[in-house]
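[1] 3D, please:
(chains A and B)
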Amino acid sequence: MRGKFPMKVAVGATAIALFAAGCQSGSEPEAPSDGGTLRVFATEPAGLMTGANDSPSIQVLRQLYAGLVDFDAKTGAVKNQLAESIESTDNTTWTVKLKKGYKFDNGEDVTADSFIDAWNWVAYGPNAQPNSYFMSHIIGYADTQSEDPDGDGPQKAPEPKSKTMSGLKKVDESTFTVTLDRAFVGFPATVGYAGFYPMAKACLADTKKCNETPIGNGRYKMDGSWKHNVEVKVVRSDSWKGEKGKVGSIVYKIYDKNTTGYADYEAGELDIFDNVPPAKYKDATSLYKDTLFEQASNSFTYLGFPMYDTRFQNVKLRQALSLAIDRQQIIDKIFFGRFRAAEGFVSPNFQGGNRPGNCANCKYDPTKAKALLAEAGGWPGGKLVIWANAGAGHEEWTAVVGDQLKANLGIDYEINATLQFPQYLQTADDKKFTGLFRLGWNPDYPVLETYLAPLYGTGGSSNNSSYANKEFDDFVQKGNAAKTIDEAIKFYQQAEDILVRDLPVLPMWFGKATVLYSKNVKGIPYNTISGVELQNVELNK
Amino acid sequence: MSEPLSTMSVDNPAAPAAPVGPGEPSKDQSASLWSDARRELLRNPIFVISSVYILIMMSFAFVPKLWTRVDPQDCQLNYGSGEPMFTPGHWLGTSQRGCDYWSHTVYGANPSLQIALYATVGIVAIGLPLGVLAGFYGGWVDALISRLIDIVFALPFLLGALVILGMLRKYSIWTITLVLVVLGWTTVARIMRGSVIAAKNLDYVQAAKALGAKNSRLMFRHILPNAIAPVFVIATIALGGFVAAEATLTFLGVGLQEPAVSWGLMISRHDDFIETWPHLTLIPVTVLVGTVLSFILIGDALRDALDPKLR
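    From the prediction side, this is the model:
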């Protein structure tokens, strides 16, 4: 979802809290027999209920909870975790069978109700959980929402029609069915996400308390409660039936600035640090070559075309602009290699996403670009405006894009980075962009569809280009209705091939996860879908 | 320069060879405040050095082709990113975007100085008449203008500028000038008001009044020329302040944007790399500080020269 861009950084932490966090004495790592303690950089989570969708929260929730499925670290394929099976005959009504014997930290069994109640609670509008929209394809979701009649005004939104979604039905203690409003073959992959974790009855009975001291069902459990702006500590849970975590405990040390965290990492106070400040990136990659882990991540940056502007409706012109941009050079010179140039519209980490060379129009070929622009009848004149949100460090690289277009195609440009992110998104929704616009995208679930339908589908929720192509929509729809995920991928890839030709946006690059680790850490086990697998980190002493 | 005013002349027997400006009647033994000041200034090395520096910066801004033939808009990463100083072809190196840094340093003077000049003209154009009116008429006119001044004064400069520019959503030389004028005219008005109040009761004004001079004549022929000196000083210092203000606003992200070329942009794009490429921050900072300092020193020298009591 685009809201995660720019990265949420914890706010409100005072200088005092920062001081406290920065100055905790680095407790000596314990003996390896119990796995030791792993000290991890974190920012203040927005909340520790499963409805939280910011990365600091999810980082903690992943260890406290276990979902129906998880993902293979290398291929990203879906593996059942708590689910015995997730099956459907029509891709619309899904039957979930649970494995038996899993328990919450307080001794409660994990049953069908634990999932149904949790999902209903997350979806229910008045609970204001950011993950609520993940449930939006479950039948009955609309009844759990209500429109505020005057936006942010004094009137309160009326109570929604229902507290539960009619699409969730319990069959027996360990079986339930989920009915979707459309066929979607990727449903099993979506339920690995934090919003779909189960919750204990005791937790739902007192959600305020549960937010401070979550009752999980995962590999780790809370040690004490959440110390705001200081730390969250979790220890290995004895009630967990599956494969045990390798480290004995994990301390999420909360910082309000990544620069402070970086200083602490340099001082040996952190074992895992994954938020290198951009300005320190160059230094960090040369200083800590031996304890640096890098892997392409899934965050996608693109420059969109406002297709509601007639100037951008000529496909040859769009191709010409794309071919005139040297993505790799921008990444090398402006970002010091911090990204991976896009070779398509979907993350190469995803099943079926890695097709190098598939996007002929994403290459750098100024000669072809000039020829195409001439065929398109040249640039209609005037300055090309490149939009970016203000204060997020996008001015420099968008200017370089402009420089390249000017050098290769002779188009004059102008940067408009005057809007803060909320107003910027509003401008996108109002379709008021007058030129290329920068936006980012993070996948919601590890199915190619998450990069396709919302961004380019006719009327898609984040289709800011206003791209509409029936052929594309049909391929996505065929993929959604396919029998197996492998079959679906073939359709999704055909849909992507249309994008590669039509270029409703200019794909720029995918992110790169950069993790620094201490000498005490053996290496970084990395999951292409969920990131660093903290539970599988091993310590030397 | 205004007409010589015998009333303010200072006896200066050692000045027969003083340079005399065009249009001014030459007088042997008595010189005007202004010609005295000029003589004093030309003998002041700080003033001369600062003026030469400002002249050079003015030539950077308005005839940049004297200094460089490189087009500052010709930026390509192919030219190298963050090249060090004394690279062949780019003697000040290149910016991260691959722009020739010397040409950016030269052309970067333009928006700063344009904004500073326009804004200074603006604050004098608004502040001076208001100050004169307030000082001369007193009473409710004075009360009205003074309260207005107080209100504008109460707005913190940076906050006000951020809010106004945030509302305008258009960052150009004109909007920045507008903001600087709106928030900056009060100093001139206050100084002018005080100066007029001090001057209006002097004998020669009373004499002119007694002879039946009209208010406008009193104000503009008699009071203004003798009360304007402090405004010159303030305006000169303000020039420096506005150069710095432009850089500050750009640095905060509400100033000019690419592909504009300005010192503020050069600083704000490279301050993160002060450890890697110190010269990319230090070069624009140096010329900027030099300009601001020069304006302030000129202002100082002007004040010394225009205030006979300090001589």
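
[2] Quickly find the element holding the residue nearest the centre of chain B.
    Nearest to the geometric centre of chain B sits residue B:239, at 1.7 Å (C-alpha atoms, centre = their mean). If you go by DSSP states H and E, residue B:239 is part of helix B:229-251.

[3] following that helix, which helix or strand comes up?
    Taking DSSP H and E, what comes next after helix B:229-251 is helix B:263-270.

[4] Can you list the helices and strands that that following helix packs against?
    Applying 3 or more C-beta pairs under 8 Å, 6 or more residues apart in numbering or on different chains; DSSP states H and E, we find helix B:263-270 packed against helix B:101-107, helix B:109-137, helix B:229-251, helix B:278-306. The way it works is simple: take the backbone N, C-alpha and C, and place the C-beta from them, glycine included.

[5] So is the first one next to chain A?
    No. Where contact is defined by C-beta under 8 Å from any C-beta of the partner chain, no part of helix B:101-107 touches chain A; the two come within 12.6 Å at best.

[6] Mind listing what's buried along that helix?
    B:101-107 (16 or more other C-beta atoms under 10 Å in any protein chain shown).

[7] Show the model's pLDDT score for residue 228.
    Since you didn't name a chain, this refers to chain A. Model confidence at residue A:228, given as pLDDT, is 90.

[8] hm, I was asking about chain B
    Residue B:228 is given a pLDDT of 83.

[9] Surely residue A:177 forms part of a strand?
    Yes. Under DSSP: H, G, I helix; E, B strand; the rest coil, residue A:177 sits within a strand.

[10] Now for it: which residues touch it?
    The contact partners of residue A:177, by C-beta atoms under 8 Å, 6 or more residues apart in numbering or on different chains, come to A:93-96, A:168-169, A:171.

[11] burial count for residue B:283?
    Neighbourhood size, residue B:283 [other C-beta atoms under 10 Å in any protein chain shown]: 23.

[12] again, but for residue B:244
    Around residue B:244 there are 19 residues (other C-beta under 10 Å).

[13] can you count the residues close to the residue nearest to residue A:195 when sequence neighbours are not counted?
    Using C-beta to C-beta, 6 or more residues apart in numbering or on different chains and skipping residues adjacent in sequence, the residue nearest residue A:195 is residue A:131, 3.1 Å away. Per other C-beta under 10 Å, the neighbour tally for residue A:131 reads 23.

[14] SS state for residue A:131?
    Recorded secondary structure, residue A:131: helix (three-state DSSP).

[15] isn't it right next to residue A:51, touching?
    Yes. With contact defined as C-beta atoms under 8 Å, residue A:131 and residue A:51 form a contacting pair (4.5 Å).

[16] So for these two, which residues contact both of them?
    Common contacts of residue A:131 and residue A:51 (C-beta under 8 Å, 6+ apart): A:122, A:195.

[17] helix or strand for the closest residue to chain A within the stretch 51-200 of chain B, which one?
    Closest residue of the stretch 51-200 of chain B to chain A, C-beta to the nearest C-beta: residue B:81 (3.9 Å). Using DSSP H and E, residue B:81 falls within no helix or strand.

[18] Is it correct that it is in contact with residue A:331?
    No. Counting by C-beta under 8 Å, residue B:81 stays clear of residue A:331, with 11.7 Å between them.

[19] So between these two, which is more surrounded?
    Neighbours per residue (other C-beta under 10 Å) separate residue B:81 from residue A:331, with residue B:81 holding more: 23 against 19.

[20] Now for that one: which residues touch it?
    A:333-334, B:94-98.

[21] go with 10 Å
    A:329-330, A:332-334, A:336, A:400, B:75, B:93-99, B:277 (C-beta atoms under 10 Å, 6 or more residues apart in numbering or on different chains).

[22] got the buried residues for the strand or helix carrying residue B:167?
    Element membership for residue B:167, per DSSP H and E: helix B:157-168. By neighbour count with 16+ other C-beta under 10 Å, helix B:157-168 contains the buried residues B:161-162, B:164-165, B:168.

[23] And stretch A:407-419, by the same measure?
    Those would be A:407-409, A:411, A:413-419, for stretch A:407-419 by 16+ other C-beta under 10 Å.

[24] Include secondary structure, pLDDT and distance to residue A:249 when you put the residues you listed into a markdown table, please.
    Supplementary listing: these in a markdown table, determined by DSSP: H, G, I helix; E, B strand; the rest coil; pLDDT from 0 to 100; distance: C-beta to C-beta, whole Å:
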| residue | secondary structure | pLDDT | distance to residue A:249 |
| --- | --- | --- | --- |
| A:407 | helix | 89 | 55 |
| A:408 | helix | 92 | 55 |
| A:409 | helix | 92 | 57 |
| A:411 | coil | 92 | 57 |
| A:413 | strand | 92 | 53 |
| A:414 | strand | 90 | 53 |
| A:415 | strand | 90 | 48 |
| A:416 | strand | 90 | 49 |
| A:417 | strand | 87 | 44 |
| A:418 | strand | 84 | 47 |
| A:419 | strand | 84 | 44 |
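
[25] Just give me the closest of these to residue A:104.
    residue A:419 (45.1 Å; C-beta to C-beta).

[26] tell me the two of the contacts of residue B:81 that are most distant?
    Once C-beta to C-beta is applied, the contacts of residue B:81 give A:330 and B:93 as the farthest pair, at 19.4 Å.

[27] Which one of these two is surrounded by more residues?
    More neighbours surround residue A:330 than the other of residue A:330 and residue B:93, with 24 against 20 (other C-beta under 10 Å).

[28] I figured the more buried one hits residue B:76, correct?
    No. Counting by C-beta atoms under 10 Å, residue A:330 does not reach residue B:76; the two are 11.5 Å apart.

[29] can stretch B:236-247 be found next to chain A?
    No. If you take C-beta under 10 Å from any C-beta of the partner chain as the test, stretch B:236-247 misses chain A, and the best it gets is 15.7 Å.

[30] residues contacting the nearest residue to residue A:446 once chain neighbours are set aside?
    Counting by C-beta to C-beta, 6+ apart, residue A:446 lies nearest to residue A:529, which is 4.6 Å off, once chain neighbours are set aside. Each residue near residue A:529 by C-beta under 10 Å, 6+ apart is listed here: A:70-73, A:75-78, A:189, A:192-193, A:298, A:347, A:349-351, A:443, A:445-446.

[31] One more: residue A:89?
    Neighbour list for residue A:89: A:95, A:483 [criterion: C-beta under 10 Å, 6+ apart].

[32] Buried ones in whichever strand or helix holds residue A:486, by neighbour count?
    Counting by DSSP H and E, the element that carries residue A:486 is helix A:485-502. For helix A:485-502, the neighbour count (16+ other C-beta under 10 Å) marks A:485, A:488-489, A:491-500, A:502 as buried.
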